[in-house]
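> take this sequence and fold it.
(one chain, ligands or ions: 1)
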Amino acid sequence: MIKVEHLAKRYADVYAVNDISFEVNQGEILGLLGPNGAGKTTTMRILTCYMPATSGTAVVDGYDVFRDSINVRKLIGYLPENVPLYPEMRVNEYLTFRAKLKKVPYRERKTKIAECIEKCRIQDVKKQIIGTLSKGYRQRVGLADTLVHDPKILILDEPTIGLDPNQIRQVRQLIRELGEKHTILLSTHILPEVEMICGRVIIINKGKIVAMDTPSNLGDQLKGGNLIELEVRGNGEKVKDALSVIKGVKKITWRDKGEINKYSIETERDSDIREEVFLSIVKNNGIIRDMRQDAITLEEIFHQITTKEKEVVL
Ligand SMILES: Nc1ncnc2c1ncn2[C@@H]1O[C@H](COP(=O)(O)OP(=O)(O)OP(=O)(O)O)[C@@H](O)[C@H]1O
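Coordinates of the predicted model:
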C-alpha cells in the first residue's frame, strides 16, 4: 500500500531522514517508533505530500507522492502532531467545512459526517464550539476529520500525545478499531503504544531505520534473554572478570566503578544464572547488595538501539 525506497530529506546540512526504505502492507497498523528528532514527522510529511523529499521515492497505492500528489492526498487521512482545528467553529460545522474541502459529494456528505462522528464517539459534543473542548475530544475531532473522505490510509503523527491516561486508552482503542478497515501508519515515542496497537514496528533513530519487525519478534530476536541488575560492594574489576566467564552471560554493562559497583548482565534466553552469579561474587569476596532479574523488554531494546551509552561491553 505504501512503498518507500531510499528516501532522504535534508534541511540545510542536516539529514532529518537518511536513506530509509520500508513498506506498509494493506490492512496493517505499522508503528514508526523513535525518540524526538528521529525523523518520524519528516517521513510522514513527505508521504502526505506536505513537502518533497531530497531524494528517493515514495509510492502510495501506485501513485508517486511527488508526481501524483492530488491522487495520494485523496487516499490519505493525515492527523498531524498538533491538530490544526478552528477553535471558533462548532464540531459539525468544522466537519462539514472539511468534507467540502475534501470534495465529499454533497449527497454523501451528511452520512459520511454522521459516520465519522459515531466512529470517533463525538456525538455528545457535535454542536459544541471546538475551542471549549477537552484535548481528548479535540483529538477525536481531528481523527473524525481524517476519516471524513473515507481514505484507505491513515497517517497519524503521535496521536496520543498530551492526552490523559483515560483519553489515551480511548484513542488507542479507536485506532485499533479503525485498523480493521484502514491501513495505518502511526508515529509514537511511547513503547507500550506500539506493543498494544501495531502489528509491525519500525524503529527509527537519527533519520535511519535501526530495526523493523513485529513487537514480539523484536523482543525475541534482538535480545530475548533476561537482564540481571546487580549491586555489589567489592573489587569491581575482579567481580566483572568472574561474572564474564559464567556460562549464559551475553553482555555485561558496568557502572559506578568505585567501592559500590553496578552491573547489568544480559543472559541467554531461558537461562537462570542467579545462583552462579551469587557463588562467583562470594568467591571473589564481593558483597551483593541487590540482585534483580527481569525479562528484557522492548523498552530496553529501544534504549539500546537508540542510545549509545558509555559502557563496558564484554
Ligand atoms: N523545517 C525544518 N528545518 C530544519 N530542520 C528541521 C525542520 N524540520 C525538522 N527538522 C530537523 O529534522 C530532524 C527530524 O525532525 P522530525 O520532526 O522529523 O523528528 P520527529 O521524529 O518527528 O521528532 P518529534 O517526535 O520530536 O516530533 C530534527 O533534527 C529536526 O530538528
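> can we go C-alpha only for contacts and neighbour counts from here?
Fine.
> let me know the pLDDT of Lys250.
On pLDDT, Lys250 comes in at 86.
> cool, and Gln167?
pLDDT, Gln167: 83.
> let me know whether it touches Gln139 as I believe.
No: judged on CA atoms under 8 Å, Gln167 makes no contact with Gln139 at a distance of 9.3 Å.
> out of the two, which sits in the more crowded spot?
Taking neighbours as other CA atoms under 10 Å, Gln167 and Gln139 compare with Gln139 leading, 26 against 18.
> quick check: closest non-adjacent residue to the more buried one.
Excluding the flanking residues, the one nearest Gln139 by CA to CA, 6 or more residues apart in numbering is Val83, at 6.9 Å.
> Provide the secondary structure category for that neighbour.
coil (DSSP: H, G, I helix; E, B strand; the rest coil).
> count of residues packed around Ile202?
Ile202: 21 surrounding residues under other CA under 10 Å.
> next up, the contacts around it.
By CA atoms under 8 Å, 6 or more residues apart in numbering, the contact list for Ile202 reads 30-33, 209-213.
> one more time with 7 Å
Going by CA atoms under 7 Å, 6 or more residues apart in numbering, Ile202 touches 31-33, 209, 211-213.
> apart from its chain neighbours, what residue comes closest to it?
Met212 (4.3 Å).
> with Lys181 instead?
Gly27 (6.9 Å).
> check contacts around that neighbour.
Per CA under 7 Å, 6+ apart, neighbours of Gly27: 179, 181-183.
> is it in a helix, a strand, or coil?
Applying three-state DSSP: Gly27 is coil.
> check the one 4 residues further on too.
Local secondary structure at Gly31 is given as strand here, using three-state DSSP.
> coming back round to it: surely the residue nearest to Gln139 touches Gly142?
Yes: between Val83 and Gly142 there is a contact under CA atoms under 7 Å: 6.1 Å.
> compare these two (neighbour count), which wins?
Gly142 (22 against 18).
> still on that earlier bit, now list the buried members of the contacts of Ile202.
Buried by 16 or more other CA atoms under 10 Å: 31-33, 209, 211-212, out of these.
> can you show me the strands along the stretch 151-300 of the chain?
Assigned by DSSP state E, counting those that start in this stretch, the strands in the stretch 151-300 of the chain fall at 153-157, 183-188, 200-205, 208-213, 226-233, 249-255, 260-267, 287-295.
> quick one: low-confidence ranges for the protein?
219-225, 269, 295-302, 304-314 (pLDDT under 70).
> so who does Val4 touch?
So, once contact is read as CA under 7 Å, 6+ apart, Val4 ends up touching 21-23, 57-59.
> distance to His6 for these - can I get that in TSV?
Converted to TSV, these look like this (distance: CA to CA, whole Å):
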residue	distance to His6
Ser21	5
Phe22	9
Glu23	12
Thr57	7
Ala58	9
Val59	12
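> who wins for most neighbours among those residues?
Most surrounded of the contacts of Val4: other CA under 10 Å gives Ala58, at 27 neighbours.
> which strands and helices sit next to whichever strand or helix holds Thr42?
Per DSSP states H and E: Thr42 is located in helix 40-47. Helix 40-47 is packed against no helix or strand, with contacts defined by 3 or more CA pairs under 7 Å, 6 or more residues apart in numbering; DSSP states H and E.
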